[in-house]
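A.B. asks: Pasting a predicted model and its sequence here:
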Amino acid sequence: MSRRIIAAAAGTLAAAIAMTGCSSSGQTASSSSGSAGTATFGGTLTMDIPADEGCVDPQQNLGRTQLVIGRALADSLVWEDPSTGKFVPWLASSWTESPDGKAYTFTLRKNVTFSDGSALNAQTVKDNLDAIVALGAHAPVASSYLTTYTGATVVSPMTVRVSFSAPDPSFLQALSTPSMGILSDASTKRSQSKLCQGDFAGSGPFTLASYIQNASQTLTRRPGYNWAPAGLHGGGAYVDAVDVSVVPESSTRAGAVVSGQSDIEMEVQKADLPTLDAGEISIAAKPNPGLPQQLYVNPGRGPLTDPVVRQALEIAINRPLLVSATLNKYEKVATSALASTTPGYTDLKSYLAFDPAKAAQMLQQDGWVAGPGGIRVKNGQKLSLTLLYGTELYGFAVPLMELIQSEYKSIGVELTLDPQPLATANADWAQRNYELQLSGLTRGDPDVLRTAYYGESPALDKLLTQEATTVSTTQRMKVVAEAEKYILQQAFAIPINENTLPVAYASNVKNVTFTADSLLLLYNVSLAQ
């Protein structure tokens, strides 16, 4: 699985990490323990989100906000406990791993049904895994979790064995994500486009009642739901329904929460904070594990084929300034190729120290000399680059990108911003038709490095393959550290900040909690009656 088929995702796409939350009124967001507290049943939750990916199938989604909705529609075989990081039963009641790490055998929970009335069984699991592989690039994250999958065997009606060509120590974590949510048998037979439009049935606590692309989604509480994992409240979701509206402007989303027009604003931005503070709106935030928000580098394009150019770009940006000047107070400066909340993280901030003088000197010694307008040239080639981003998801980051543009200009690099509709940006990304791209990727396992960087160089591929197949945790983390260091040494990525996309919510909203991979858990949210 190469990053050439990974599309742009907002803070996407989990370590056991504590949730932080606060507001100017001194309120504190609830813990991520799943405690119901004084929750009551009933009511319709209204939620504003910044963008719609044009697809509601959780197996195909990328962005964190849409995966919040996907988590409410489809359950997984296992659950990662946010407070302990341990994997506990969900749709699977138990499992065993083969001594060589190449097979997992799952015993399924009885009496689980999908919203189309069909029952969960071993064939359902096999069909889902096969369907994800068949979706391929349409399910870029989910399919990347199955690169060594050789098939599933129905051992008995409620027992399934999943096999791999090599050990897969990260498989349980992959299974716990919404990207690997289980859909009904009939759903796995439907076309990719029909699934995107919501023609599927999950076993989750909500069903999709309506979907109007780029406008709205409506979820309704599913009667009879009673198979949430241990640690969460029993029975069905608290709210009767969730009305989701696509509201691209963050200021409009913030104003709607303050005025009472909506209950929750997803993806709070820096400019929203004064409005929310004045309205005494609570804010909850949990840092994303996985890859930081960064400039993805295409080392096969233009000047970026030169490693010295990539390395100069890596140290020519002032990360603390970028974060403090353009991002919200919940973000922190990236210090490695992995976010600090990810297992295997190694502090490599020395590789990312701001040193524009050194960057300019490196370029000069490499033959990139000052040309017209102060932009460097070498052998007639101008040191000019483009930065691709999807407007619907990254419009908020324009000030950040403009500041990077200014910092690069100071060392003689011309950076042109290339805003594109999300669909176009995703297509360009898949075809590697870009030089730099702003994005991130959420996952609570260091194998996220393989998803993003496999295919960049034979030496890195060897490390990433070793990381993905090493059963010993101690040995695996040593390999992960080597891979992180190699990625920064070669400047295949230019990390900026660790993603934290806060949620703002009104006083009538209770039990705001997050999953281990930093997704708002709609199942737990309740409304004061």
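C.D. replies: Nice, I can see it. Numbering: from 1, shown residues only.
A.B. asks: doesn't Ala215 make contact with Gly54?
C.D. replies: No - with contacts counted by CB atoms under 8 Å, Gly54 stays clear of Ala215, the gap being 11.3 Å. (Each C-beta comes from the backbone N, C-alpha and C, glycine too.)
A.B. asks: Out of these two, name the residue with the larger neighbour count.
C.D. replies: Gly54 (16 against 11; other CB atoms under 10 Å).
A.B. asks: Relative to Ser187, how far out is that one?
C.D. replies: Here the criterion is CB to CB, to the nearest Å. By it, Gly54 lies 18 Å from Ser187.
A.B. asks: How about Glu392?
C.D. replies: Using CB to CB, Glu392 is found at 27 Å from Ser187.
A.B. asks: Which of the three states applies to Ala325?
C.D. replies: Using DSSP: H, G, I helix; E, B strand; the rest coil, the structure places Ala325 in helix.
A.B. asks: hang on, it packs against Ser406?
C.D. replies: No - contact criterion CB under 8 Å: Ala325 and Ser406 do not qualify, at 11.1 Å.
A.B. asks: Would you state the helices of the stretch 351-500 of the chain in chain order?
C.D. replies: 356-365, 391-394, 398-409, 422-430, 448-453, 458-469, 473-489 (DSSP state H, counting those that start in this stretch).
A.B. asks: any idea how far the residue lying farthest from the centre of the chain lies from Ser203?
C.D. replies: Outermost residue of the chain with respect to the C-alpha centroid, by CA atoms, centre = their mean, is Pro372; its distance is 41.1 Å. Distance, Pro372 to Ser203, by CB to CB: 62 Å.
A.B. asks: Next, the buried residues of stretch 185-197.
C.D. replies: Of the residues in stretch 185-197, Asp185, Ala186, Ser187, Thr188, Arg190, Gln192, Leu195, Cys196, Gln197 count as buried by neighbour count, 16 or more other CB atoms under 10 Å.
A.B. asks: cool, stretch 358-367 as well?
C.D. replies: Using 16+ other CB under 10 Å as the test for burial, stretch 358-367 gives Ala359, Ala360, Met362, Leu363, Asp366.
A.B. asks: Closest to Pro307 out of those?
C.D. replies: Asp366 (9.3 Å; CB to CB).
A.B. asks: show me what contacts the residue farthest from the centre of the chain?
C.D. replies: With contact set as CB atoms under 8 Å, 6 or more residues apart in numbering, Pro372 has no partners.
A.B. asks: Go again with 10 Å.
C.D. replies: Pro372 is in contact with Lys382, counting by CB atoms under 10 Å, 6 or more residues apart in numbering.
A.B. asks: now swap in Gln490 and tell me
C.D. replies: Val297, Pro299, Pro307, Arg310, Gln311, Glu314, Tyr453, Glu456, Ser457, Ala459, Leu460.
A.B. asks: and the gap between the first one and Asn288?
C.D. replies: Going back to what we said before, that points to Val297. 21 Å.
A.B. asks: More neighbours: which of those two?
C.D. replies: Comparing Val297 with Asn288 by other CB under 10 Å, the one with more neighbours is Asn288, at 29 against 25.
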